[in-house]
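Asker: Next input, structure requested:
(2 chains)
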Amino acid sequence: MIIEGRKSKKILDDDEVIRLYLESHDAQYFDELFQRYSIKVYAKCLSLLKNEELANDAVQEIFVKIYLSIAKFSGKSKFSTWLYSITYNYCIDYLRKKKRSDKLFVHTEKQLPDLEADEVNDKELLEMEVGRLKIVLDQLSEKDKSVLLMKYQDGMSIKDIAVVFSKTESAIKMMIKRAKVKAVKTYKELFPHE
Amino acid sequence: MSKDRNEINNFKKLEELEVNRLSVDFKPIKERFSSNVGFVSFISKVVELYLPRVAEIFITMSGGQLKEDRPPNLEIPEDDKLDFPEGPKDHNHIN
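Answerer: From the prediction side, this is the model:
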């Protein structure tokens, strides 16, 4: 959304669009948010739910949630962070309800009894080639994948991630640590000669 | 100094790649969203309009009496109710 002045064009940031929407309740401002973020929300849902129809439904329902609660958006975090929290929450809830992730969520913790000794440097993770990173992420559980995406793709804080998973911040730090170890281990298994 | 969260790392590049690769028609999604939102707005308006009336029905059913709402500017002060000012006298009765 661009506001044209006499001399310059100003692209409205998300907070400004939300403020105008809340003041006017003009649908064009909400449409603008939809335009900006629907594809990213869709991509995240597709990556976690692995089904186009489910991802379509998810986008629609997530934006209804946003519409209903946008007046409560305090602006303390970025709009995108808030939107992605709702997106991950939706997907994780969906997976839990399907009882697929319940197994994964409990199972993974048991599978990895002691990873505290293995510290993985962020560098190892962040230097993976993009195509390979995708392959590695697809091998991980939804929980591990989403926690890594939240931290490294969306730049969410530990506190925000903790809210999504309804866990403590220290539990989230442990989850990230374990997910990193698993990602690097998977990488080394898939690409042993690198 | 903390790392800039907006710096482009391989995770963000992956997101860009995936987004660019997608070709999704959002029109049907948008239409479903709009119809859902329209329905929700309608329901919330109905609730807003009729919820106070439901409370009144319960009060009436339980034998209570509803207080007649009259805007403050139309309230008649108790003292004045029987003490109307005298109007002009009927001309026929004047001598």
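
Asker: Spit out the contact partners of residue A:158.
Answerer: By CB atoms under 8 Å, 6 or more residues apart in numbering or on different chains, the contact set of residue A:158 is A:169, A:172, A:173, A:176. Just so you know, the C-beta spots here come from the backbone N, C-alpha and C atoms, and that holds for glycine as well.

Asker: Can you tell me which of the residues you listed comes closest to chain B?
Answerer: residue A:176 (12.8 Å; CB to the nearest CB).

Asker: Looks to me like the closest one is in a helix.
Answerer: Yes: looking at residue A:176 with DSSP: H, G, I helix; E, B strand; the rest coil, it is inside a helix.

Asker: Any quick ChimeraX command for the buried ones out of the contacts of residue A:158?
Answerer: This is how ChimeraX selects the buried members of the contacts of residue A:158, with burial counted by 16 or more other CB atoms under 10 Å in any protein chain shown:
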select /A:172,176
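
Asker: with the contacts of residue A:158 in mind, which one is nearest to residue A:52?
Answerer: residue A:176 (29.0 Å; CB to CB).

Asker: That closest one and residue A:151 touch, don't they?
Answerer: Yes: counting by CB atoms under 8 Å, residue A:176 touches residue A:151, with 5.8 Å between them.

Asker: who touches both of those two?
Answerer: With CB under 8 Å, 6+ apart, residue A:176 and residue A:151 have common neighbours residue A:161.

Asker: In the contacts of residue A:158, find the pair that's most separated.
Answerer: Counting by CB to CB, the most remote pair of the contacts of residue A:158 is A:169 and A:176, 10.6 Å apart.

Asker: What count of nearby residues applies to residue B:17?
Answerer: If you count neighbours by other CB atoms under 10 Å in any protein chain shown, residue B:17 ends up with 14.

Asker: Nearest spatial neighbour of it, chain-adjacent residues omitted?
Answerer: Spatial nearest neighbour of residue B:17, excluding adjacent residues (CB to CB, 6 or more residues apart in numbering or on different chains): residue A:130 at 6.3 Å.
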